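**Student:** Got a predicted model here, sequence first, then my questions.
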Amino acid sequence: MSKVMVETSARHIHLTAETVEALFGAGYQLTKKKDLSQPGQYACAEKVEVVGPKGSLMMSILGPVRSANQVEVSFTDARALGITAPVRESGDIAGTPGAVLRVGDRTVTLTEGVIVAKRHIHLTPEVAETMGVTDKQIVRVRISGTGRATVFDDVVIRVKSSFAPAMHIDTDECNASAAFGQVEGEILL
């Protein structure tokens with residue numbers, strides 16, 4: 001039986017250096033607020049308003065800057081924005097809907113990049129080998145002991161030496177399974 005820590009990934013945005021400068025000014029550097037569980041990743045003090053056809057939501061920026069802008073939302077968030085966001089792995093944004101980003105009177109229009117992140121498990125190569133799973137493998141994960149036991153299907157394994165073992169679900173999935181606080185999931189092969 002292989003267990004992994006389950007974390008909830010709330011709506012957030014990843015920005016390019018160019019978009020950071022367009023929204024905050026030339027030479028602007030994001031302010032690290034707190035480290036996240038994945039090494040080198042952090043939440044920033046700055047927030048961005050993401051505007052869709054139906055509404056807008058304030059979102060935290062995660063650093064460091066990336067090579068492409070990406071807005072990660074739950075289906076509930078997507079409905080509030082009026083955007084039909086597809087389920088995709090992080091980085092797979094081709095052909096996805098866009099949105100307007102706003103900070104004060106500054107805006108940037110994204111032509112793509114809004115996704116509902118596919119639920120996934122980060123593992124190092126060593127931990128993946130111990131668990132008997134491989135990169136891109138699809139597994140099921142059982143969350144129990146929360147009062148709302150749930151089996152999540154279609155969970156992708158992501159293996160990289162810089163990862164820390166953790167499963168990431170969005171806020172809709174967290175609420176459905178009552179996966180609040182410290183929760184572990186059991187990987188079912």
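**Tutor:** On my side now, so go ahead. Numbering: from 1, shown residues only.
**Student:** Quick check, Glu160 in contact with Thr124.
**Tutor:** Glu isn't right for residue 160; it's Lys. Yes - here Lys160 lies in contact with Thr124, judged by CB atoms under 8 Å, at a distance of 7.4 Å. Any C-beta I mention is one placed from the backbone N, CA and C, and that applies to glycine too.
**Student:** Between those two, which is the more surrounded one?
**Tutor:** Taking neighbours as other CB atoms under 10 Å, Lys160 and Thr124 compare with Thr124 leading, 15 against 12.
**Student:** OK, contacts around that one?
**Tutor:** By CB atoms under 8 Å, 6 or more residues apart in numbering, the residues touching Thr124 are Val159, Lys160, Ser161, Phe163, Ala164, Pro165.
**Student:** how far away is it from Gly113?
**Tutor:** In this view, Thr124 and Gly113 are 28 Å apart by CB to CB, to the nearest Å.
**Student:** Please apply the same query to Met131.
**Tutor:** 32 Å.
**Student:** could I get the contacts of Thr124 as JSON lines with pLDDT, distance to Leu189 and secondary structure?
**Tutor:** Rendered in JSON lines, the data for those read as follows (pLDDT from 0 to 100; distance: CB to CB, whole Å; DSSP: H, G, I helix; E, B strand; the rest coil):
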{"residue": "Val159", "pLDDT": "98", "distance to Leu189": "15", "secondary structure": "strand"}
{"residue": "Lys160", "pLDDT": "97", "distance to Leu189": "20", "secondary structure": "coil"}
{"residue": "Ser161", "pLDDT": "97", "distance to Leu189": "23", "secondary structure": "coil"}
{"residue": "Phe163", "pLDDT": "98", "distance to Leu189": "20", "secondary structure": "coil"}
{"residue": "Ala164", "pLDDT": "97", "distance to Leu189": "22", "secondary structure": "coil"}
{"residue": "Pro165", "pLDDT": "97", "distance to Leu189": "16", "secondary structure": "coil"}
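**Student:** Buried ones only from those, please, as a ChimeraX command.
**Tutor:** With 16 or more other CB atoms under 10 Å as the criterion, this ChimeraX line picks the buried residues out of these:
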select :159,163,165
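**Student:** Dihedrals phi and psi, Thr111?
**Tutor:** For Thr111, the backbone dihedrals are phi -90, psi -10 (criterion: degrees, to the nearest 10).
**Student:** which regions of this structure sit below the pLDDT cut-off?
**Tutor:** In the predicted model, the chain carries pLDDT under 70 at residues 1.
**Student:** Where does the record place the domain boundaries for it?
**Tutor:** Residue ranges of the domains in the chain are recorded as 10-117, 119-188, according to automatic domain parsing.
**Student:** what comes up buried for whatever helix or strand Ala78 lives in?
**Tutor:** Under the criterion of DSSP states H and E, Ala78 resides in helix 75-81. Judged by neighbour count (16+ other CB under 10 Å), helix 75-81 contains these buried residues: Asp77, Ala78, Ala80, Leu81.
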